[in-house]
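Participant: Need coordinates for the following:
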Amino acid sequence: MSDMPVPILMYHSVATAPNDATRALSVAPEAFAEQMARIGDLGLTPVTTATLAARWRSGRPLPARPVLITFDDGYEGVHRHALPVLAEHGFAATLFVSTGWIRGAYDTGGGLDTMLDWRQVRELAAAGTEIGGHSHTHPQLDQLGDVELRTELTRCAEIVAGELGTRPVSFAYPYGYSSRRVRQAVRATGYAQALAVGNALARRRQGPYALRRVTVRRRTGVEEFGRLLEGRALTRAFARDRALTKGYALVRRARQVRRKAIRSRV
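Facilitator: Below is the predicted model:
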């Protein structure tokens, strides 16, 4: 079975004037439009996360030159700026929502900038965007106890199902952080696949609960964007990210060990 690498693009905010909290991981509307045009010019075929995973699971062939366009958190600009561009090109996409950040009945007030409301999420879904889960309050899931972890996952899935009428089948880990325990919990909640970060192309052998994505930022120029799509120079482009990730992973593992030791003494 083919293990052809597939670029999964990770976007967050699409905004003209993002705030400081979201600026680095935002893209300008003009840049987003230019990037989508580049995808069209290259003859790539955007598919949803659910489609990619289902095809890999069943062995059915993917379309020629597939690519995934994904958005995390649920910023309002995805509806305002991204949706018209996606519709113009006829592109599929996946939006992963942190349900406690979406404006409405379940809003915990944690959203980092202007967030979508549920009417806008429904309009995105009606336009063909897959709506996936991204936890309820966007915590570092691998730092939670079992009960808190289960609550974050199930509450997110239940809210999405209640608002849209269908239970989400795809998940994205907040901050990209997961562990074997988290991945097992995501699967037990009913999600069929989940995305990490990793800044590498996705491959079937990564497994359905650890598919890699590449980060698109405000400083990502159109030439670098082309390289991301082709998987060229990713090691150099994301060298600093990988160094920071490795360093922080050590800190987080130490925290986990400390918490387990404390729990064992109680």
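Participant: mind pulling up the phi and psi values for the nearest residue to residue 128 once chain neighbours are set aside?
Facilitator: Leaving aside its sequence neighbours, residue 128 sits nearest to residue 92 (C-beta to C-beta, 6 or more residues apart in numbering; 6.0 Å). All C-beta spots, glycine's among them, are computed from the backbone N, C-alpha and C. Main-chain torsions, residue 92, degrees, to the nearest 10: phi -80, psi 160.
Participant: go on, residue 85?
Facilitator: Residue torsions, per degrees, to the nearest 10, at residue 85 are phi -70, psi -40.
Participant: Please apply the same query to the one 3 residues further on.
Facilitator: Backbone dihedrals for residue 88, given as degrees, to the nearest 10, come out at phi -60, psi -40.
Participant: Just the strands from the stretch 1-150 of the chain, written as ranges.
Facilitator: 8-11, 13-14, 26-27, 45-46, 66-73, 94-97, 130-133 (DSSP state E, counting those that start in this stretch).
Participant: Neighbouring strands of the first one in the sheet, and parallel or not?
Facilitator: I take that to be strand 8-11. Strand 8-11 has its sheet partners listed here by DSSP bridges as strand 66-73 (parallel), strand 211-215 (parallel).
Participant: Tell me where the chain has helices.
Facilitator: Remark: helices assigned in the chain by DSSP state H are 29-41, 49-58, 77, 83-89, 118-126, 146-164, 180-189, 222-230, 234-237, 239-265.
Participant: Out of those, which is the most enclosed?
Facilitator: For the helices of the chain, average neighbour numbers computed from mean count of other C-beta atoms under 10 Å are highest in helix 77, which has a mean of 26.
Participant: Rounded mean pLDDT for it, please.
Facilitator: Average pLDDT, helix 77: 98.
Participant: and it, how far out from the chain's middle?
Facilitator: Offset of helix 77 from its chain centre (C-alpha atoms, centre = their mean, to the nearest Å): 16 Å.
Participant: what residues does that helix touch?
Facilitator: Residues outside helix 77 that contact it (C-beta atoms under 8 Å, 6 or more residues apart in numbering) are 13-15, 26, 29, 114.
Participant: on that earlier part again, just so I know, which of the helices of the chain lies nearest residue 134?
Facilitator: Closest to residue 134 of these, according to C-beta to C-beta: helix 146-164, at 7.0 Å.
Participant: wait, what's in contact with residue 190?
Facilitator: Residue 190 makes contacts with 157, 167, 169, as judged by C-beta under 8 Å, 6+ apart.
Participant: would you turn the strands of the stretch 1-150 of the chain into CSV with distance to residue 36, mean pLDDT and mean neighbour count?
Facilitator: Formatted as CSV, these follow (distance: least, C-beta to C-beta, whole Å; pLDDT from 0 to 100; neighbours: other C-beta atoms under 10 Å):
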stretch, distance to residue 36, mean pLDDT, mean neighbour count
strand 8-11, 10, 98, 24
strand 13-14, 11, 98, 26
strand 26-27, 11, 98, 25
strand 45-46, 9, 98, 18
strand 66-73, 8, 98, 24
strand 94-97, 15, 98, 27
strand 130-133, 17, 98, 25
